[in-house]
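J.: Here is the input, now give the coordinates:
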Amino acid sequence: MALKITLKPNERMILGKAVITNGSGKCEFLVENNVPILRQSDILSPDRAGTPALRIYLAIQLMYVDEAQIVVHQKLYWQLVEEFIAAAPSSLDLIDQINELILKENYYQALKLTQKLIEFEQEVIERVTKCSEILPVG
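T.: Here you go, the predicted model:
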């Protein structure tokens, strides 16, 4: 079954190993085989991966689109996950779900679930920030 994709004007996407940029008009096409596909809104550039959860997302993204370096990306992923759990043990259930998808090589779904990890991380940061504003230092 083909996947129908509509790109907005000037929208970018990754299709397999290619980065595609749409022209000035709307574009519609069908992808008839199984290849990695990421729309511009789902692509994270390395320079924007400024938090631990975003670095985990980037590692999964690289597993998804760069199969030639999968071992390198997986090694990085497991290291990042270990560090994240050590810093935020309450994330374990969510990370276990992401790990399950990684082990099944379902990288796209793992990316989607990692967006929840990014939200979780942001909530933790906000709570810590509020606590530090309330509690006197020293």
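J.: In space, not sequence, find me the middle residue of this structure.
T.: For the chain, Tyr57 is the residue whose C-alpha lies nearest the centre (C-alpha atoms, centre = their mean; 2.9 Å).
J.: So that residue sits against Leu44, correct?
T.: Yes - with contacts counted by C-beta atoms under 8 Å, Tyr57 reaches Leu44, the gap being 5.6 Å. Any C-beta I mention is one placed from the backbone N, CA and C, and that applies to glycine too.
J.: Can you list phi and psi of Val19 for me?
T.: phi -100, psi 130 (degrees, to the nearest 10).
J.: ah, wrong one, I meant Tyr77
T.: When read as degrees, to the nearest 10, the backbone of Tyr77 gives phi -60, psi -50.
J.: How much space separates the residue nearest to the centre of the chain from Gly25?
T.: 31 Å (C-beta to C-beta, to the nearest Å).
J.: What of Val71?
T.: Val71 is 41 Å from Gly25, where distance means C-beta to C-beta.
J.: now Ile14
T.: To Gly25, Ile14 is 21 Å away according to C-beta to C-beta.
J.: So which of those two has more stuff around it?
T.: Ile14 (20 against 9; other C-beta atoms under 10 Å).
J.: Report the mean confidence score over the helix ranked longest in the chain.
T.: Taking DSSP state H as the criterion, the chain has its longest helix at helix 107-134. Per-residue pLDDT values over helix 107-134 give a mean of 89.
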